[in-house]
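Colleague: I'd like to go over a predicted model; first the sequence, then the structure.
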Amino acid sequence: MPLSDLQRPGGATGPSPLNYLTALVALCAVALFLLAGTLDAPAEAVSTTGEPTTTTGVPTTATADLSTDPTTSVPDVAPPTGDGLADPGASSGDTSTSTRPPETTTVVAPPTTASGPGDTTPPAPTTTTAPIPTTTAPAPAPTTTAPSLPPVPTPPASRFVADSGTTALIATSGGDDPVATALTVLDQSGPLGRALAADPRVRSRLESILAGKFISGPNDFTRRILQGVDAALSDIASDEADVPTGLCLVTGASGTSYTCAQVPDLSHSFSSQLVNGQARNQVSAYIDPTSQARFDTLVDLATSGSYWGLLRDTHSAGLTSELRNAWIRAGSDLVVNEDEAAVQLTVMRFYLEAARDLYPQTWDLLRNDGGSMTGTALAWNTVVSSWYTTSDQVWNLAFADGTDVVSQFTGGAAGSTTPAP
């Protein structure tokens, strides 16, 4: 019945005012109790949505479904302090204590094997130690633009027998009889020199070069001797051949006879004049302008004939270089000049390249005639084994651009080695 009906008509009675007062006091006490419980609740009880909730009936604790709630990642903030912790819209009848949703933890299942779960202990880290090299790194290849100078080569023992009298004879610049002095120097220069000194063709060449000529000093004297020997070797190459049109490349001497590498007629070869331009360009790339004219003249001489003449002259240049180096090792203070030998090797290299790249039929003929490969290897190796130079320019001119074509032509018998710096 309504509380305002204190007494119904007809004498009916209801609750007395005291009962109403008592109920009011009890209701206030309950409200104060609930309010006190709400104020004492932890900060985690604050609704994450800020919306008021109404609880009907028995209070229940709601548990968030973390598997589907997209807002389960709650930032970790410090609990606020002071007044205002209670949610003003919270139900006064909700006596449950809420807690912050648990932080999400990722659990990794242990590996399984055929017999069950595997060991979850992580394996110890492995350390791979690089092997310590025990070999010495190879020395860098010598530069081709400014190579170190090679040591004075040692002529073969069969070519030269040291004699202290040789240096004294050279120092006289020929004396009163330069032809006789030159023949004596040759005779003391080993088996080859001794055979040359006994050959009338050598004497004839020396007479035309030395007799009655002004000789300016020891270097001029030996230079003239070598010119005479070179010319005589060309004569010997033609005369000592087994056939009139063949070639004898002198390999040694026994008494007054020569041992030879026989090269047949190379009538199928072309004129070396065809490589004159290439050889001149090669010279200009390495030789200073002051020496250009001399080298151009040497190129002209080297390209004046066929491969037959080039082969003969290259081999002769090697033999004369060997003689001069023998005199140097005997103690003569001579100025070294390898210009002729360098030009001969350069022209020979370009000739073989032209045969291979432009005249393949000639290349095949030269390689198959028997003596050309042997003669080329002999001529090239004779120059290389007797090489001695004080000029980086001449060294580069002969060897810097590679000698693979020589090695290819001779089947590896020549061209694979250069004078070691």
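Modeller: That came through, no problem. Source: prediction; values computed, not measured. Numbering: from 1, shown residues only.
Colleague: What count of nearby residues applies to residue 270?
Modeller: 16 (other Cβ atoms under 10 Å). Quick note: C-beta positions are derived from backbone N, CA and C, even for glycine.
Colleague: which ones are touching it?
Modeller: Residue 270 is in contact with 306, 307, 354, 355, 359, 362, counting by Cβ atoms under 8 Å, 6 or more residues apart in numbering.
Colleague: any low-confidence regions in the stretch 151-300 of the chain?
Modeller: The stretch 151-300 of the chain contains residues with pLDDT under 70 at 151-158, 161-164, 255-256.
Colleague: if we can go back for a sec, which ones among the contacts of residue 270 lie within helices?
Modeller: With helices taken from DSSP state H, the overlap with these comprises 307, 354, 355, 362.
Colleague: Report the two of those residues separated the most.
Modeller: Largest separation among the ones in helices among the contacts of residue 270 by Cβ to Cβ: 307 and 354, giving 10.1 Å.
Colleague: Which one's more surrounded, the two?
Modeller: Each of residue 307 and residue 354 has its neighbours counted (other Cβ under 10 Å); residue 307 has more, 24 against 18.
Colleague: Tell me the pLDDT of that one.
Modeller: Turning to residue 307, the model gives it a pLDDT of 92.
Colleague: circling back: which of the ones in helices among the contacts of residue 270 lies at the shortest distance from residue 253?
Modeller: The shortest gap between residue 253 and any of the ones in helices among the contacts of residue 270 belongs to residue 307, at 25.5 Å (Cβ to Cβ).
Colleague: So the residue lying closest to that closest one once chain neighbours are set aside: helix, strand or coil?
Modeller: Using Cβ to Cβ, 6 or more residues apart in numbering and skipping the chain neighbours, the partner closest in space to residue 307 is residue 269 (3.9 Å). Secondary structure, DSSP: H, G, I helix; E, B strand; the rest coil: residue 269 is coil.
Colleague: Convert stretch 261-272 to PDB, retaining C-alpha atoms only.
Modeller: What follows is stretch 261-272 as a C-alpha-only set of coordinates in PDB (Å, rounded to 0.1, in the frame of the first residue of the first chain):
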ATOM      1  CA  ALA A 261     118.600 -26.800 -87.300                       C
ATOM      2  CA  GLN A 262     117.500 -27.300 -90.900                       C
ATOM      3  CA  VAL A 263     114.500 -25.300 -92.000                       C
ATOM      4  CA  PRO A 264     113.100 -26.100 -95.500                       C
ATOM      5  CA  ASP A 265     112.200 -23.700 -98.200                       C
ATOM      6  CA  LEU A 266     109.500 -21.300 -97.000                       C
ATOM      7  CA  SER A 267     108.400 -20.200-100.400                       C
ATOM      8  CA  HIS A 268     104.800 -20.400 -99.200                       C
ATOM      9  CA  SER A 269     105.300 -17.600 -96.700                       C
ATOM     10  CA  PHE A 270     104.300 -14.000 -97.400                       C
ATOM     11  CA  SER A 271     106.300 -10.800 -97.200                       C
ATOM     12  CA  SER A 272     106.900  -9.500 -93.700                       C
END
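Colleague: for it, which positions count as buried?
Modeller: Along stretch 261-272, these residues count as buried under the neighbour rule (16 or more other Cβ atoms under 10 Å): 261, 262, 263, 264, 266, 269, 270, 272.
Colleague: Can you list the neighbours in contact with the host helix or strand of residue 377?
Modeller: In the assignment (DSSP states H and E), residue 377 maps to helix 371-385. Residues from elsewhere that reach helix 371-385, judged by Cβ under 8 Å, 6+ apart: 153, 156, 246-247, 249, 251, 261-264, 266, 307, 311, 314-315, 317-319, 321-322, 341, 344-345, 348, 352, 366-367, 406, 409-411, 413-415, 417-419.
Colleague: Going through the residues you listed, which ones are buried?
Modeller: Neighbour counting by 16+ other Cβ under 10 Å classes 153, 246-247, 249, 261-264, 266, 307, 311, 314-315, 317-319, 321-322, 341, 344-345, 348, 352, 366-367, 406, 409-410, 413-415, 418-419 among the contacts of helix 371-385 as buried.
Colleague: hang on, the earlier thing: quick check: what element follows the helix holding residue 377 along the chain?
Modeller: Counting by DSSP H and E, the next helix or strand C-terminal to helix 371-385 is helix 392-399.
Colleague: Against which helices or strands is that next one packed?
Modeller: Where contact means 3 or more Cβ pairs under 8 Å, 6 or more residues apart in numbering; DSSP states H and E, helix 392-399 is packed against helix 276-286, helix 339-357.
Colleague: how big is the angle separating it from helix 276-286?
Modeller: Angle, helix 392-399 to helix 276-286, by axes from the mean of the first three to the mean of the last three Cα atoms, to 10 degrees: 140 degrees.
Colleague: Now, the buried residues of stretch 261-272 that are in strands?
Modeller: Among the buried residues of stretch 261-272, the residues falling in strands (DSSP state E) are 261, 262, 263.
Colleague: what comes up buried for the strand or helix carrying residue 222?
Modeller: Here residue 222, judged by DSSP H and E, is contained in helix 218-239. Buried residues in helix 218-239, counted by 16+ other Cβ under 10 Å: 218-219, 221-234, 236-237.
Colleague: What strands line up against the helix or strand just after that helix, and which way round?
Modeller: Proceeding N to C from helix 218-239, the next assigned helix or strand is strand 247-254, under DSSP H and E. Applying DSSP bridges to the sheet, strand 247-254 is found paired with strand 257-263 (antiparallel).
Colleague: re earlier: tell me the contacts of the residue nearest to residue 307?
Modeller: Contacts for residue 269 (Cβ under 8 Å, 6+ apart) come out as 306, 307, 308, 355, 362, 366.
Colleague: State the phi and psi torsions of it.
Modeller: The phi/psi pair for residue 269 (degrees, to the nearest 10) reads phi -80, psi 160.
Colleague: quick one: which of the contacts of residue 269 is nearest residue 205?
Modeller: Lowest distance from residue 205 to the contacts of residue 269 (Cβ to Cβ) belongs to residue 308, with 20.4 Å.
Colleague: one step back: output the helices and strands packed on helix 392-399 in CSV, with distance to residue 379 appended to each entry.
Modeller: Below are the helices and strands packed on helix 392-399 laid out as CSV (distance: least, Cβ to Cβ, whole Å):
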stretch, distance to residue 379
helix 276-286, 17
helix 339-357, 7
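Colleague: Quickly compare these and say which is most buried.
Modeller: When the helices and strands packed on helix 392-399 are scored by mean count of other Cβ atoms under 10 Å, the highest mean neighbour count falls to helix 339-357 (a mean of 23).
Colleague: Which elements pack onto that helix?
Modeller: helix 276-286, helix 289-302, helix 307-329, helix 360-368, helix 371-385, helix 392-399, helix 404-409.
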